[in-house]
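>>> Sequence and predicted structure, then a few things I'm wondering about:
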Amino acid sequence: MGFPGTWMTESESVVYRVVPKCACSTIGQIMFYSDHGRFFDGDIHDATGDMHKWAMESSQPIISRAVKEQQILAFTCVRNPYARILSSFFDKICGIQRNGKRYRGNLVPLLIQKYGIEVGGEDGKQEFDQIASFRRFLLFARDTIRFRKPMDPDIHWSAMSGHISTFIVNGGRYNQIFFTERFNDGMQRVLDAIETPVKVDLAQIPRFNESEGHGPKRAHPVSAYFDDLSRHLMWEIYRKDFQLFRYDFDNPDNKFPLGEVDLDEVHAKLGN
């Protein structure tokens, strides 16, 4: 299976396991900048050169060797599961994507038909009941993850622990896992531990939120979207994410983790 979703700088200074909806655009741009002294012009997910990505065949043996030798710092970044699934809903389901179309073509019509959700009209800008539609989307997300119906789960709402585990199972080891909510602290720790061709001043780095503006703004506090049933579904889907990455399941409005990630525990529990 190799190392899907893994990026590495061309200089082989650092290896990163992408977790969708967890600051991956900003992290990718920082990696690109640390090699070339400039940002990639466009969405870093579209870059097909000047960095190694598992999705590019020519990069695979290089990434594979680097990860398995474990001589290069490897890291990833996680996010509060409540905020992450809400972000996926507003960006991917309600929003119009970079290409001017709906995400994954027939996905939104399928959701409207089978689950009765609303997305704010053709352009995503009309008023609609965000809470009711989100809860129906969450039911759909659960169905894709638990039952692989009516389709396989999407990378943007499949559990972070699932993404993170492929790297471990196939022979990699993380040196650092940090939180999107404390991005500067975590990213600085990574930069302090590696040598890069170009020095990165984190205070000067813009945020590359490629999903910004795709969909409607969230109109309510996080907790308003999660009633008892929704929280039951969240535990069913993301229990490992809450437990391993120390997020507060009991208070959806507390976006911050309750403690640091225990790397040994992550490797033990996701390495089977």
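Noted; the coordinates are in hand.

>>> Okay, domains of the protein per the record?
Here the domain parsing of the chain from automatic domain parsing is 6-80+156-204, 82-155+217-237.

>>> C-terminal to the worst-scoring helix or strand of the chain on mean pLDDT, what's the next element?
Using mean pLDDT, DSSP states H and E, the weakest-scoring helix or strand in the chain turns out to be helix 107-115, at a mean of 94. With elements assigned by DSSP states H and E, the helix or strand that comes after helix 107-115 is helix 130-147.

>>> In terms of secondary structure, what does the following helix or strand past that following helix contact?
Sequence order places helix 160-169 as the next helix or strand after helix 130-147, per DSSP H and E. Helix 160-169 sits against strand 14-17, strand 73-78, helix 228-244, helix 263-270, with contacts defined as 3 or more Cβ pairs under 8 Å, 6 or more residues apart in numbering; DSSP states H and E. Heads up, the C-betas are built off the backbone N, CA and C, glycines and all.

>>> Can you lay out these as CSV showing mean neighbour count, mean pLDDT and distance to Asp152?
Shown next, in CSV, are the helices and strands packed on helix 160-169 (neighbours: other Cβ atoms under 10 Å; pLDDT from 0 to 100; distance: least, Cβ to Cβ, whole Å):
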stretch, mean neighbour count, mean pLDDT, distance to Asp152
strand 14-17, 25, 98, 20
strand 73-78, 23, 98, 22
helix 228-244, 17, 98, 14
helix 263-270, 14, 98, 20
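
>>> now for these, which one comes closest to Phe89?
For Phe89, the closest of the helices and strands packed on helix 160-169 is helix 228-244, at 11.7 Å, according to Cβ to Cβ.

>>> Tell me where the model's unsure across the stretch 151-272 of the chain.
Scanning the stretch 151-272 of the chain for pLDDT under 70 picks out 210-214.

>>> please redo it, this time with the cut-off set to 80
Within the stretch 151-272 of the chain, the ranges that satisfy pLDDT under 80 run 209-215, 272.

>>> on that earlier part again, ranking the domains of the chain by mean neighbour count, which comes first?
domain 6-80+156-204 (a mean of 18; mean count of other Cβ atoms under 10 Å).

>>> Quick check: end-to-end length of that domain?
25 Å (Cα to Cα, to the nearest Å).

>>> same check, this time on stretch 253-272
With Cα to Cα as the measure, stretch 253-272 spans 32 Å from end to end.

>>> Could you do stretch 7-15 as well?
6 Å.

>>> will you turn the helices and strands packed on helix 160-169 into CSV that also has distance to Glu181?
Output for the helices and strands packed on helix 160-169, formatted as CSV (distance: least, Cβ to Cβ, whole Å):
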stretch, distance to Glu181
strand 14-17, 18
strand 73-78, 9
helix 228-244, 14
helix 263-270, 18
